[in-house]
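A.B. asks: Prediction below, plus the sequence it came from.
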Amino acid sequence: MSPRYYMFTTFLVAVLTLTISWWKQKQTGREIFWIMVKVVSVLAIIVGGIVGVAQLLAFLGVAQSGFLL
């Protein structure tokens, strides 16, 4: 994968983490760390779900192999 995808993902996680931390008024490093863990987990679940649906559609013959939503 291209490095720009890694940079975009890192930037997205950082912005979401800092925004949620500011919104919920979290200040300690431990609280911010757990928010970051939750953000990464949610993003992984979303991406996993999208890839899973794409694989299911390819298996059922609705889409071609390598299809991505």
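C.D. replies: Perfect, I can see it now. All values derive from a computational prediction rather than experimental measurement. Numbers count the residues shown, from 1 in each chain.

A.B. asks: Would you mark the buried spots in stretch 42-60?
C.D. replies: residue 54 (16 or more other CB atoms under 10 Å). Every C-beta, even on glycine, is put in place using the N, C-alpha and C of the backbone.

A.B. asks: ditto for stretch 12-25
C.D. replies: Using 16+ other CB under 10 Å as the test for burial, stretch 12-25 gives 16, 17, 21.

A.B. asks: Stretch 35-44 too?
C.D. replies: 35, 36, 39.

A.B. asks: Quick check: closest non-adjacent residue to the last one.
C.D. replies: Spatially, and ignoring its direct neighbours in sequence, residue 39 is nearest to residue 16 (4.8 Å; CB to CB, 6 or more residues apart in numbering).

A.B. asks: Could you check how far that neighbour is from residue 37?
C.D. replies: Here the criterion is CB to CB, to the nearest Å. By it, residue 16 lies 12 Å from residue 37.

A.B. asks: and if you look at residue 50?
C.D. replies: Counting by CB to CB, the gap from residue 50 to residue 37 is 21 Å.

A.B. asks: Please enumerate residues in contact with stretch 9-25?
C.D. replies: Residues outside stretch 9-25 that contact it (CB atoms under 8 Å, 6 or more residues apart in numbering): 26, 27, 31, 32, 35, 36, 39, 40, 43.

A.B. asks: doesn't residue 38 make contact with the first one?
C.D. replies: No. Proximity of residue 26 to residue 38 does not meet the contact threshold set by CB atoms under 8 Å, at 11.4 Å.
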